[in-house]
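Trainee: Pasted the sequence and its predicted model underneath.
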Amino acid sequence: MADSNAGIFDPDGKYEQGVLQVSKEYPRPKDGADFVYGTAGFRMKADKLPSVAMTVGILAGLRSRKLHGQTIGVMITASHNPAEDNGVKIVDPQGEMLEQEWEKYATYIANAKDQQEAQNAYMWMVKEVRIDQKKPANVIFARDTRPSGEELVRALKSGLDATGVTSVDYGILTTPQLHYLVKATNTKDTSHPYGEVSEEGYYNKMASAFKTAIEGIKPNGSVTVDCANGVGAPKLKELLKHLPSSSESGLDIRVVNDNVSNAEVLNKDCGADFVKTQQRAPAGFDGKPYERWASFDGDADRIVYYFTTEGSIFRLLDGDRIATLAANFLGELVQKSGLADKITIAVVQTAYANGSSTRYIEQTLKLRCECTSTGVKHLHHVAARSDIGVYFEANGHGTVLFSPQTLKRIHNHQPESPAQLEALTTLRALTDLINQTVGDAISDFLLVETILAHKEYTVREWLATYTDMPNKLGKQRVANRADFVTVPDSAERRLEKPAGLQERIDEIVAKYKDGRCFVRASGTEDVVRIYGEASEVFDCENMVREVGGEIERRFGP
Ligand SMILES: CC(=O)N[C@H]1[C@@H](OP(=O)(O)O)O[C@H](CO)[C@@H](O)[C@@H]1O
Ligand SMILES: [Mg+2]
């Protein structure tokens with residue numbers, strides 16, 4: 001058994017030597033703070049990242065060896081962050097995020113002070129994780145449009161080469177495209193290949209599923225997509241070449257904020273994060289009342305929709321709206337296909353979901369709704385437990401998961417009438433249209449367009465499904481955000497520490513009609529976030545301000 005010498009075999013100490021060499025070439029910045037592999041991998045100013053990218057190469061190779069040569073992905077992106085930032089994150093074999101246990105290994109090796117420490121860290125990991133170094137290692141990688149990506153790719157590649165990892169550079173891609181390729185690569189020779197292993201294969205799969213999904217249906221007019229001047233722009237345009245023309249399909253898709261040659265404009269006053277957090281239309285918005293617009297973020301894994309009314313009032317259709325729309329439509333398809341007694345649907349949200357959306361899911365759609373901690377990996381994990389799990393963060397990151405058994409049921413089901421066949425055909429197409437590895441702006445976009453077309457909804461009808469509770473997301477700097485600890489299993493809705501603070505928040509909230517408010521430490525910014533809802537806008541503002549004031553007074557910096 002290979003395992004008998006797991007953790008020790010390294011042909012002539014070649015890889016250990018390689019680690020020593022390459023760590024000399026990419027020394028860790030002397031002044032730098034500690035690197036932490038967080039929710040979004042490593043993310044910071046790009047000039048701090050080359051040594052980190054190199055260690056990620058080493059780690060991704062180890063992860064692949066540990067998994068007997070299954071292909072691991074590495075994506076270089078800082079998503080919606082400013083252009084001068086960048087980041088590196090690792091994708092596991094089925095297109096999921098890196099297993100949590102390994103985040104600490106990634107952190108460990110990235111923080112090695114010098115070449116000797118890096119080599120020691122490498123050797124320690126090989127032993128600790130019991131890695132058989134005779135096993136092959138395969139990694140594929142890609143980057144977004146940030147200029148700093150090129151240098152980070154070189155650093156990453158050095159780490160891979162130094163430890164004998166076979167790799168493929170896919171150039172510039174959206175984050176979800178890389179996730180797709182990882183899964184497609186690892187399922188290539190199985191009975192359920194995820195798709196062709198190429199960027200072209202991604203477009204082919206999406207386009208053919210979309211055509212089937214809207215067969216015989218007339219989509220509704222035009223839609224404009226703000227691509228945040230990021231990678232989503234060229235990739236969406238590429239996809240459009242694979243779709244029927246607007247005169248054939250009736251759907252006119254216009255791409256704006258597509259300037260990827262000037263790095264400075266990336267995410268600048270545009271994109272999904274800007275639109276969601278500022279609650280206003282992006283730079284370049286010229287929509288007439290009730291025209292449908294959508295915004296991607298900088299690496300095209302998030303999407304939100306919006307429009308303005310006659311009085312130029314901005315109306316947002318965020319992740320909660322996409323989740324409810326998708327859950328509703330999938331529920332109808334399951335019902336019409338004759339599968340209602342075999343397949344159940346659940347929706348997974350975080351505490352930031354608008355309370356009205358939760359009530360709509362439970363009371364109107366009569367579906368199970370679960371609440372998890374913030375961060376897509378938590379939502380993904382819970383959604384994977386359902387037959388069909390719809391998950392979205394309010395910020396527009398999400399997707400739909402079909403369990404393997406559900407996929408089998410959908411594909412094997414024998415329809416008993418033409419109507420059942422029609423619904424089943426659409427349902428089957430959606431299982432291909434939806435990128436099940438991770439939230440994907442392009443795939444979610446086509447999903448929403450499909451549903452709006454089927455339901456003959458304009459943005460007006462979509463918005464009218466329920467009325468959002470007035471809400472406010474605030475933040476407050478504090479001396480030490482680690483002091484803010486949430487109650488286990490409360491999905492971060494209640495605080496355990498600092499002692500007494502939750503009781504004080506409860507007192508404040510009790511003063512406002514239908515008030516809800518919670519506080520938690522951000523995982524990505526040095527702040528605590530304060531989210532509130534109440535039945536009146538004025539109350540909501542006051543409540544969040546009062547809670548924020550209390551925190552500033554007692555725990556401020
Ligand atoms: C309220 C909010 O939007 N939080 C965001 C934000 O996390 P925080 O831990 O709240 O900073 O960044 C995460 C990563 O992008 C995203 O998953 C999450 O939804
Ligand atoms: Mg993103």
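Mentor: Cool, the structure landed. Ligands and ions are numbered 1, 2, ... in the order given.
Trainee: Setting aside sequence neighbours, what's the nearest residue to the closest residue to ligand 2 within the chain?
Mentor: For the chain, the nearest residue to ligand 2 under the criterion CB to the ion is residue 79, separated by 3.2 Å. In this view, the C-beta of every residue, glycine as well, is placed from N, C-alpha and C. Once its chain neighbours are removed from consideration, residue 79 has its nearest residue in residue 299; the separation is 4.6 Å (CB to CB, 6 or more residues apart in numbering).
Trainee: I'd assumed residue 77 was in contact with that neighbour.
Mentor: Yes. Residue 299 lies in contact with residue 77 (CB atoms under 8 Å); the separation is 4.2 Å.
Trainee: shared neighbours of the two, which are they?
Mentor: Common neighbours of residue 299 and residue 77 are listed as 144, 175, 231 (criterion: CB atoms under 8 Å, 6 or more residues apart in numbering).
Trainee: on that earlier part again, what separation do you get for the residue of the chain closest to ligand 2 and residue 531?
Mentor: According to CB to CB, to the nearest Å, residue 79 stands 21 Å off from residue 531.
Trainee: The two: which is more packed in?
Mentor: Set side by side, residue 79 and residue 531 show more neighbours around residue 79, with 27 against 23, by other CB atoms under 10 Å.
Trainee: Now do that one, the pLDDT please.
Mentor: On pLDDT, residue 79 comes in at 95.
Trainee: Would you agree it is in contact with residue 296?
Mentor: No. Between residue 79 and residue 296 no contact is recorded; they are 10.4 Å apart, counting by CB under 8 Å.
Trainee: what stretches of this protein score poorly on pLDDT?
Mentor: 1-9, 11, 32-33 (pLDDT under 70).
Trainee: residues touching residue 391, list them.
Mentor: Residues in contact with residue 391, defined by CB under 8 Å, 6+ apart, are 323, 347-349, 376, 379-380, 382-383, 398-401.
Trainee: now it, which residues is it bridged with?
Mentor: Beta-bridge pairing of residue 391, defined through DSSP bridges, involves residue 348, residue 399.
Trainee: Span of stretch 367-383 from start to end?
Mentor: End-to-end distance of stretch 367-383 (CA to CA, to the nearest Å): 13 Å.
Trainee: what do you get for stretch 85-101?
Mentor: 26 Å.
Trainee: so what's residue 185 up against?
Mentor: With CB under 8 Å, 6+ apart, residue 185 has these contacts: 71, 138, 140, 197.
Trainee: Neighbour-wise, which one of those residues leads?
Mentor: Taking other CB under 10 Å to define a neighbour, the member of those with the most is residue 71, carrying 25 neighbours.
Trainee: Bridged to that residue, which residues?
Mentor: What pairs with residue 71, by the bridge criterion (DSSP bridges), is residue 138.
Trainee: Now do it against residue 300, distance only.
Mentor: Between residue 71 and residue 300 the distance, using CB to CB, works out to 22 Å.
Trainee: ok, how many other residues are close to the residue nearest to residue 79?
Mentor: Residues contacting residue 299 under the criterion other CB under 10 Å number 31.
Trainee: mind checking which helix or strand it is in?
Mentor: When secondary structure is defined by DSSP states H and E, residue 299 falls outside every helix and strand.
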